[in-house]
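> sharing a model prediction with you, sequence too.
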Amino acid sequence: MQPAFTGGAKEIALQFDSAIDPDTLRAYEETHYRVLGDAPTTLRIGQANPDLAKLHRCFGVDCSAFVTAENPFSTLTGATANSVRQATLAEQLGRMGLRFIEGIGEHPSGTWPGELSFLVPGITLSDAKQLGIQHRQNAIVWCGSDTVPQLILLR
């Protein structure tokens with residue numbers, strides 16, 4: 001795989017060959033990943049998030065992932081099917097003994113409907129990737145101890 005560097009001086013994204021088209025990748029990088037609940041915050045790819053650092057401390061973890069089950073492989077799916085998919089993901093997270101906070105991924109252009117999602121504090125990168133693969137997602141958002149959200153491609 002050949003790395004390709006894109007972005008401006010503030011942000012350089014490292015991307016590898018993928019089955020995901022460049023416009024979709026760009027949309028993922030531009031999306032606002034909004035964490036709802038008692039301590040709302042917005043995650044942006046490549047930008048450290050001090051509110052997320054506080055949330056990690058509150059939960060006693062050093063990592064988290066932002067995941068969804070909606071619109072598999074970025075194919076628009078009806079609201080009912082998406083609701084069922086998201087409920088299945090919530091049940092799965094519960095069976096895994098993981099806590100999660102509701103969220104929504106929204107592109108600032110508004111050209112794609114927001115996707116209901118979950119921030120999952122303390123989930124391992126391996127488990128987060130596996131969830132994304134099981135729920136037919138192109139990517140997940142991973143946040144390590146530096147609280148800089150990273151786009152993790154799954155295809």
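Thanks, I have it.

> centre of the chain to the host helix or strand of W142, how far?
Following DSSP states H and E, the helix or strand that holds W142 is strand 139-143. Put simply, strand 139-143 sits 4 Å off its chain's centre (CA atoms, centre = their mean, to the nearest Å).

> name the helices or strands packed onto that strand?
Here strand 139-143 touches strand 64-67, helix 125-134, strand 149-153, going by 3 or more CB pairs under 8 Å, 6 or more residues apart in numbering; DSSP states H and E. C-beta coordinates here come from the backbone N, C-alpha and C atoms, glycine included.

> hmm, who's touching the second one?
For helix 125-134, contacts defined as CB atoms under 8 Å, 6 or more residues apart in numbering pick out 63, 65, 67, 89, 92-93, 96, 120, 123, 139-140, 142, 144, 152, 154.

> likewise the last one?
Applying CB under 8 Å, 6+ apart, the contact partners of strand 149-153 are 13, 15-16, 18, 20, 25, 28-29, 33, 43-47, 49, 52, 66, 125, 128-129, 132, 138-144.

> could you redo the last one with a cut-off of 6 Å?
When contacts are taken as CB atoms under 6 Å, 6 or more residues apart in numbering, the neighbours of strand 149-153 outside the stretch itself are 18, 28, 43, 45, 139-143.

> max-length helix in this protein?
Scanning the chain for the longest helix, with DSSP state H as the assignment, gives helix 79-95.

> what pLDDT, on average, does the helix or strand just after that helix get?
Next in sequence after helix 79-95, counting helices and strands by DSSP H and E, comes strand 101-106. With pLDDT averaged residue by residue, strand 101-106 scores 98.

> so what strands line up beside the next helix or strand after strand 101-106?
Once the chain leaves strand 101-106, the next helix or strand it forms, by DSSP H and E, is strand 115-121. In its sheet, strand 115-121 lies beside strand 64-67 (antiparallel), strand 101-106 (antiparallel), with partners assigned from DSSP bridges.

> most tightly packed of those strands?
Each of these was given a mean neighbour count from mean count of other CB atoms under 10 Å, and the largest, a mean of 26, is that of strand 64-67.

> average model confidence for that one?
For strand 64-67, the mean pLDDT works out to 98.

> so what's T24 up against?
Listed by CB under 6 Å, 6+ apart, the contact set of T24 reads S74.

> thank you, goodbye.
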